[in-house]
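S.K.: Predicted model follows, preceded by the sequence.
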Amino acid sequence: MPELVIVVIVVVVALAFDFTNGFHDTANAMAPSVATGALKPKPAVALSASLNLVGAFLSIEVARTVGSGIVDLAGVDGEQLMLIVLCGLTGAIVWNVLTWLFGLPSSSSHALFGGLIGATMAALGVSGVLWGGVSQKILIPALFAPVIAGLVAFVGTWLVHRVTRGIGERAARRSFRWGQIGAASLMSLAHGTNDAQKTMGVIFLALVAHGSLDPDADMPLWVRISCALAIALGTYTGGWRVIRTLGKGIVDISPRQGMSADFSSASIILTSSHLGLPLSTTHVASGSVIGSGLARDDVKVRWSVARRMLIAWIITLPAAGAVGAACLLISGLFSHFWGAVVVTTILLVACTIMWLRSRLSPIGHHNVTDEWEQPKAERKREIDRELSAVASGVASVSRPRKRKKLGRGGRKREQ
């Protein structure tokens, strides 16, 4: 009986992670379209949710990677493995909600893998992690995916601007609107094929640990349906804080940029899903947005925002891993059953506190497209630089010019 309760808790928490993955990563597909006005905020998240639901049924290659390529299952007790999965999910959810609170486009995928790795190391030591799978299927794609996405988006944006340079901005908004909607739809479909699979893999891992499934069994249909519904529902709630950062904070996206960025992201993610690579859609989408911004001379990339985002990327794995390891150590103070209850309680309390904190500065569909405001310190530095430039210019203009006496030729020489 305790084993059954633990596996139920793990499945519910895994679906909760899937929900946070949905609302955290809505921005990856819809931020450009919302920022340019190609889609209104609420219809955008509804469209994205529908296509995430469809995409979740198109492939299970990524689910197989998550279910068998991270943790060494040999010789692990069933209840212990379920606790590892639960603590890993807790680390991932806490990091997802925390970065959502600050509006940072962080990777839900890396949060999940970081949580699982941290919990596994705390329980089984370093040897419990399949490091070959981690490096080949997580770390290497994490390094190259945003760079490749940025290059593809850069070239695509440059070509689109080159071909359509005679079209005015107002006409471009009308002409590229349907292109943006199509690109965003493809991106949402790609997101479903990649991110929903990760939760399927985690639930599969828990069911194997419980003994309900054989490691070589097919993915149960109820797992696929429940994960698809969870990520679609999370997407529909609209992670407005992250949408605002990705759509307005990094660059001011034009319709041409938005279409190029979404098409480049979707093509890369669909390819990775076919190959079974659990790619970070956040890294790909962010790299595409930055690459599309760099392709235009008249667009300013806000590197201060990009820098904060990069820092979040770097610390995602260790931060989620630290939370997962801490939860595993806390659960070890109790029996497996009560350890699972305590960890779940910690998760609920932490998420509630962060949600209440978010209500102090609410962001929703009503203000997600407002103009981006720089932090006070950054704005003050820019104003100081502008004032300094103006002051030096005024000083150079008002400085009297010295005249020398007449030279031999009788001409005045100025200095």
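M.R.: Ah, there it is. Numbering: from 1, shown residues only.
S.K.: What count of nearby residues applies to the closest residue to residue 245 other than its chain neighbours?
M.R.: Leaving aside its sequence neighbours, residue 245 sits nearest to residue 103 (Cβ to Cβ, 6 or more residues apart in numbering; 4.3 Å). No exception for glycine: its C-beta is placed from N, CA and C like everyone else's. Look at residue 103: counted by other Cβ atoms under 10 Å, it has 22 neighbours.
S.K.: can you check residue 359 too?
M.R.: Counted with other Cβ under 10 Å, residue 359 comes out at 7.
S.K.: again, but for residue 350
M.R.: 16.
S.K.: same question, the one 3 residues further on
M.R.: Other residues near residue 353 number 12, with proximity taken as other Cβ under 10 Å.
S.K.: and the gap between it and residue 251?
M.R.: Distance, residue 353 to residue 251, by Cβ to Cβ, to the nearest Å: 33 Å.
S.K.: all helices of the stretch 301-415 of the chain, in order?
M.R.: 303-331, 336-358, 376-398 (DSSP state H, counting those that start in this stretch).
S.K.: lowest-confidence stretch among these?
M.R.: Across these, helix 376-398 has the smallest mean pLDDT, namely a mean of 55.
S.K.: so where's the stretch 201-350 of the chain shaky on pLDDT?
M.R.: Scanning the stretch 201-350 of the chain for pLDDT under 70 picks out 276-278, 297-299.
S.K.: what ranges do the helices span in the stretch 101-250 of the chain?
M.R.: 108-124, 131-134, 140-163, 169-210, 221-237, 240-244.
S.K.: Pick the most buried one from the ones you listed.
M.R.: Most buried of those by mean neighbour count (mean count of other Cβ atoms under 10 Å) is helix 108-124; its value is a mean of 27.
S.K.: same for it, what does it pack against?
M.R.: helix 2-36, helix 78-101, helix 169-210, helix 281-294, helix 303-331 (3 or more Cβ pairs under 8 Å, 6 or more residues apart in numbering; DSSP states H and E).
S.K.: Report the angle between that helix and helix 140-163.
M.R.: 170 degrees (axes from the mean of the first three to the mean of the last three Cα atoms, to 10 degrees).
S.K.: Now find how far off-centre helix 108-124 is within its chain.
M.R.: Taking Cα atoms, centre = their mean, to the nearest Å, the mean C-alpha location of helix 108-124 is offset from the chain mean by 18 Å.
S.K.: Measure how it sits relative to helix 169-210, angle-wise.
M.R.: Counting by the same axes, to 10 degrees, helix 108-124 lies at 20 degrees to helix 169-210.
S.K.: got the CA positions of helix 108-124 in PDB?
M.R.: Output of helix 108-124 as PDB, limited to C-alpha atoms (Å, rounded to 0.1, in the frame of the first residue of the first chain):
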ATOM      1  CA  SER A 108      12.400  23.500 -18.000                       C
ATOM      2  CA  SER A 109      14.300  20.500 -19.500                       C
ATOM      3  CA  HIS A 110      17.500  21.300 -17.800                       C
ATOM      4  CA  ALA A 111      15.700  22.000 -14.500                       C
ATOM      5  CA  LEU A 112      14.200  18.500 -14.800                       C
ATOM      6  CA  PHE A 113      17.600  16.800 -15.600                       C
ATOM      7  CA  GLY A 114      19.400  18.900 -12.900                       C
ATOM      8  CA  GLY A 115      16.800  17.800 -10.300                       C
ATOM      9  CA  LEU A 116      17.100  14.200 -11.300                       C
ATOM     10  CA  ILE A 117      20.900  14.200 -11.300                       C
ATOM     11  CA  GLY A 118      21.100  16.000  -8.000                       C
ATOM     12  CA  ALA A 119      18.700  13.500  -6.300                       C
ATOM     13  CA  THR A 120      20.500  10.600  -7.900                       C
ATOM     14  CA  MET A 121      23.900  11.700  -6.700                       C
ATOM     15  CA  ALA A 122      22.600  12.300  -3.200                       C
ATOM     16  CA  ALA A 123      21.100   8.800  -3.100                       C
ATOM     17  CA  LEU A 124      23.500   6.600  -5.100                       C
END
